[in-house]
Structures are given as structure tokens and as C-alpha cells.
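Q: Structural data only, the sequence is not supplied:
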């Protein structure tokens, strides 16, 4: 099962969705604080999803498992 964080911004049912994808070595939680930086109007209802990639061995990290 894939892990992810989900948060609704605004009031009411979301009319749009933003899916944030992290890079190598990061996680969805690392991007969680970026939504306020978009400065969306308060009357826009948005759902934000912050998925986590699976842990996999990475050659660059000498086989250490990372996202």
C-alpha cells in the first residue's frame, strides 16, 4: 500500500487537486508546507496529495534504500 498525505484547502468540497511529487531522497512530507506559498484565493477549494515513492535500493547511494 502506497503512503500519502492528503489535505483539503479552502471550505467546501474540493474543485481541483494538486499532486506534489518529490525527488530522490525526499518524501511527500517534505513538500507539505509548500501549499501556502501558492497564495491561492480563499474561495478556491483544492485538495493536495503528497505521495511517498516506495523505498528502493539506489546505486548512487551505494545500494542504500531511499525514496
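A: Cool, the structure landed. Keep in mind the model is a prediction, meaning the values are calculated, not measured. Numbering: from 1, shown residues only.

Q: Could you confirm residue 29 falls within a strand?
A: No: if the criterion is DSSP: H, G, I helix; E, B strand; the rest coil, then residue 29 is helix and not within a strand.

Q: Now it: closest residue in space, sequence neighbours ignored.
A: Leaving out its chain neighbours, the residue that sits closest to residue 29 by CB to CB, 6 or more residues apart in numbering is residue 5, at 6.4 Å. C-betas here are computed from N, CA, C, even on glycine.

Q: what are the phi and psi values for that neighbour?
A: Per-residue torsions, residue 5: phi -100, psi 140 (degrees, to the nearest 10).

Q: give me the number of residues near it?
A: Neighbour count for residue 5, taken as other CB atoms under 10 Å: 15.

Q: in the sheet, who's paired with it?
A: Taking DSSP bridges, one finds residue 50 as the beta-bridge partners of residue 5.

Q: One more: residue 66?
A: Bridge pairing for residue 66 - DSSP bridges - gives residue 56.

Q: Now for the residue nearest the centre of the chain: which residues touch it?
A: By CA atoms, centre = their mean, the chain has its centre lying nearest to residue 50, at 1.9 Å. Contacts for residue 50 (CB atoms under 8 Å, 6 or more residues apart in numbering) come out as 4-7, 20, 22, 28-29, 31-32.

Q: a markdown table for those residues, including distance to residue 57?
A: A markdown table is the format used below for these (distance: CB to CB, whole Å):
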| residue | distance to residue 57 |
| --- | --- |
| 4 | 22 |
| 5 | 25 |
| 6 | 28 |
| 7 | 31 |
| 20 | 24 |
| 22 | 18 |
| 28 | 20 |
| 29 | 21 |
| 31 | 23 |
| 32 | 26 |
